[in-house]
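In: quick one: sequence and predicted model below, then my questions.
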Amino acid sequence: MIPKSYVYPGPARSALPVNYRNMLTTILQRLDHERRHLAIDVHILESLPHITRVRAADHSHHNIAWSSLTTENADAIISSEIAHHRQLNVPFEWKLYAHDTPPDLLTRLQNQGLQIGPREAVMIYDLATPPAWSATASRAQRADTLAQVDTYRNVAEEIFKKNYDFTATELAQAIQSRSTQHRGYIAYAENKPVIARLYTHPKSHFAGLYGGATLPAHRHNGHYRALIATRAKDALAANAKYLLVDALPTSRPILAQPSHFGLSNRI
């Protein structure tokens, strides 16, 4: 179980007791294994010698989920991936973590023309201890019908100001195929919904929390926490060991409690 008295970032990882540092290393190794080998059922994984590509089944989204490069081969492999996706005529995202190699990989990607996105903190919650805030879950519900998926899409587009057909289609396909690997969630505030998503995989130790957002007029009232609690219950039912969040600065203060532990940063 992850210790409740240490938060990283907090004290430097080197300042933590050895057994806690070893625990973090083990969890991080498991995360890298899953980046390398696992994708939810609506995504296609392609494992190559030095990278793992993941794309949506409809070819609308492409990313490099994992890489293990050296100073000798990094530039050539980056160039090859740019050429590969240019030939497909599709944009792609390179999911870079702070511990990925070589240490200057961010600079190498930037030097070859990739645009750098916002930095996210990779945070986890150990589900071995039931969260005290799980009682708030009753304020949120899973989107189990196509009508609820439409509600999800409408709110997401209002909050994020972009088209959400891709996510809505994946959620609808999951309902129709009875898959539990990609789910949408809705909490209501004065009959106005707020939304979030959950990724699980039967072989994964992690349940990924994504897309949580609240309409501006209803923020700071516990709805985001309620969405976390509801997804935590479903994650436990899916036998996940940890909740996993790529946290932007807006959500980090809510998540940065002693019951969460930071692993890395992702760009």
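Out: Thanks, I have the structure now.
In: next up, the contacts around residue 155.
Out: 186, 193-195, 213, 215 (Cβ atoms under 8 Å, 6 or more residues apart in numbering). Bear in mind the C-beta positions are built from the backbone N, C-alpha and C, glycine included.
In: can I assume it sits in a strand?
Out: No - assessed with DSSP: H, G, I helix; E, B strand; the rest coil, residue 155 is helix; it does not lie in a strand.
In: for the remainder of this discussion, apply numbering that starts at 38.
Out: New numbering, starting at 38: the last item is residue 192.
In: pull out the buried positions in stretch 61-69.
Out: Residues of stretch 61-69 classed as buried by neighbour count (16 or more other Cβ atoms under 10 Å): 61, 64-65, 68-69.
In: roughly how far out does that stretch sit from the chain middle?
Out: Distance of stretch 61-69 from the chain centroid (Cα atoms, centre = their mean, to the nearest Å) equals 15 Å.
In: with just CA atoms, put it into CSV.
Out: Presented in CSV, the C-alpha positions along stretch 61-69 are these (Å, rounded to 0.1, in the frame of the first residue of the first chain):
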residue,chain,number,x,y,z
LEU,A,61,7.5,3.7,-6.3
THR,A,62,10.0,2.1,-8.6
THR,A,63,8.0,-1.1,-8.8
ILE,A,64,4.8,0.8,-9.6
LEU,A,65,6.6,2.9,-12.3
GLN,A,66,8.0,-0.3,-13.9
ARG,A,67,4.5,-1.7,-14.0
LEU,A,68,3.2,1.5,-15.6
ASP,A,69,5.9,1.3,-18.3
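In: average pLDDT across it?
Out: The pLDDT scores in stretch 61-69 average 91.
In: helices of the stretch 88-237 of the chain, residue ranges please.
Out: 111-125, 142-148, 183-197, 202-214 (DSSP state H, counting those that start in this stretch).
In: which other residues reach the second one?
Out: The one in question is helix 142-148. Contacts to helix 142-148, defined as Cβ under 8 Å, 6+ apart, come from residues 104, 106, 111-112, 115, 131, 133, 139, 153, 304.
In: repeat that with 10 Å
Out: Helix 142-148 has contacts (Cβ atoms under 10 Å, 6 or more residues apart in numbering) with 101, 104, 106, 108, 111-112, 114-115, 118-119, 131, 133-135, 137, 139, 141, 151-153, 156, 304.
In: out of the helices and strands in this structure, which is least certain?
Out: strand 297-303 (a mean of 55; mean pLDDT, DSSP states H and E).
In: what residue ranges in the stretch 138-287 of the chain score low on pLDDT?
Out: 167-176, 227-229, 233, 235 (pLDDT under 70).
In: residue ranges of the strands in it, please?
Out: Secondary structure of the stretch 138-287 of the chain (DSSP state E, counting those that start in this stretch): strands located at 157-163, 177-180, 219-226, 229-236, 243-250, 279-284.
In: what's the angle between the third one and helix 202-214?
Out: Between strand 219-226 and helix 202-214, the angle formed by their directions is 110 degrees, by axes from the mean of the first three to the mean of the last three Cα atoms, to 10 degrees.
In: distance from the chain centre to strand 219-226, please.
Out: 16 Å.
In: CA atoms only for that strand - export them in CSV, please.
Out: The C-alpha atoms that make up strand 219-226 are tabulated as CSV, following Å, rounded to 0.1, in the frame of the first residue of the first chain:
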residue,chain,number,x,y,z
HIS,A,219,-14.2,2.8,-21.6
ARG,A,220,-17.1,4.5,-19.6
GLY,A,221,-18.6,7.9,-19.3
TYR,A,222,-19.9,9.4,-16.0
ILE,A,223,-22.2,12.3,-15.2
ALA,A,224,-22.9,14.2,-12.0
TYR,A,225,-25.8,16.6,-11.8
ALA,A,226,-25.8,20.0,-10.2
